[in-house]
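Asker: just coords:
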């Protein structure tokens, strides 16, 4: 999102509409899974939109708050008697008073399930989060599910300390729109932009001083920023799944980075399913966000990512669980099966270790059967 001054309601760019579609698709799955299989029976579900906006655009009637309320209502209506969680609470934080008023009016027109509760907070993200935490502390400290969408109007406003506080609980997840472009401009501006204070707030420490390069090309610097932010998230206790991607328009120009973080593999699996469904529209293309390269995601072609996997693990014995986590964190895929099939077809696997009593057919890699893979020595001519 651009940091430029916007009116109360503005025109949504195509990438904004795609982002809302991605969020909606994911939330429908998230509400359904946690509603039917909650960590504790009757556990309340909390969704927070950190920079909610007015709830609509001049050219699009559904902002992220409306998408969230509709997804919650759909999940409750769909599962009916199978619903085992408690009520769903949707909290919307927005500093601009005119936008809050518009959002409240928009919410009043939406027919929701009786167990969906929407509230607005006309304040900053940090103060709104504190107020929500005071009202509903369990999602921040125990196992009640918590998902926070953080979509600031620029590079600042969502300090890393707030993100870390959200991810402290066992059932929390975040989706962050990271304005790497804006952060890079702050970095280049130096003290004229209060750089030291702002970057310490964004990253939560001073590691940026040694890990970001003033002489790097601008697009490389943006990926350095993203790489550092991912590292910071992965250092948080229990956060084993961090995935970042950029969404590009048809002209292949960068729209924005999104960063997802969770302690559970299923969350990232469902986020990738949502990405795949949006990517099929043809309006945007998801890319990986490695420093020094930008490889288009080929959801139906595992070749390049299989090569990367092999180059990482060649001549090693690797447990299947590690390969699953690698697939989740570093490829478009939810598991390593299709990549392993390509590697085996190219005769790059030394052996496949199975659990006792299990069998498999060549080219198949069930997590219930496969314990570990021993990779051969070899070269795949991977890109990058």
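Answerer: Right, received. Where do you want to start? Computed from a predicted structure; not experimentally measured.

Asker: spatially central residue for the protein, please.
Answerer: residue 260 (2.0 Å; Cα atoms, centre = their mean).

Asker: which of the three states applies to it?
Answerer: When classified by DSSP: H, G, I helix; E, B strand; the rest coil, residue 260 comes out as strand.

Asker: quick one: residues contacting residue 376.
Answerer: 314-315, 347-350 (Cβ atoms under 8 Å, 6 or more residues apart in numbering). For the C-beta atoms, the positions are set from N, CA and C on the backbone; glycine is no exception.

Asker: got phi/psi on it?
Answerer: Main-chain torsions, residue 376, degrees, to the nearest 10: phi -80, psi 170.

Asker: ok, the residue lying closest to residue 76 once chain neighbours are set aside - how many residues close by?
Answerer: Once flanking residues are discounted, residue 76 sits nearest to residue 113: 4.2 Å by Cβ to Cβ, 6 or more residues apart in numbering. For residue 113, the count of nearby residues is 16 (other Cβ atoms under 10 Å).

Asker: kindly report the same for residue 150.
Answerer: Applying other Cβ under 10 Å, we find 22 residues neighbouring residue 150.

Asker: do a quick rundown of the strands in the chain.
Answerer: Here the chain has its strands, by DSSP state E, at 45-49, 88-93, 116-121, 146-150, 172-178, 241-249, 254-262, 284-287, 317-319, 349-354, 370-375.

Asker: surely residue 341 and residue 363 touch.
Answerer: Yes. Contact criterion Cβ atoms under 8 Å: residue 341 and residue 363 qualify, at 4.8 Å.

Asker: quick one, which of those two is more surrounded?
Answerer: Counted by other Cβ under 10 Å, residue 341 and residue 363 do not tie: residue 341 has more neighbours, with 16 against 12.

Asker: coming back round to it: closest one to residue 234 out of the contacts of residue 376, please.
Answerer: Checking those against residue 234 with Cβ to Cβ, the nearest one is residue 314 at 24.0 Å.

Asker: so what's that closest one up against?
Answerer: With contacts taken as Cβ under 8 Å, 6+ apart, residue 314 has the following neighbours: 348, 375-378.

Asker: just the buried residues out of those, in ChimeraX syntax.
Answerer: ChimeraX command restricting those to the buried ones, with burial defined by 16 or more other Cβ atoms under 10 Å:
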select :348,375
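
Asker: which residue in the contacts of residue 314 has the weakest pLDDT?
Answerer: Model confidence across these bottoms out at residue 378, which has 79.

Asker: now it: phi and psi?
Answerer: Dihedral pair for residue 378: phi 170, psi -180, per degrees, to the nearest 10.
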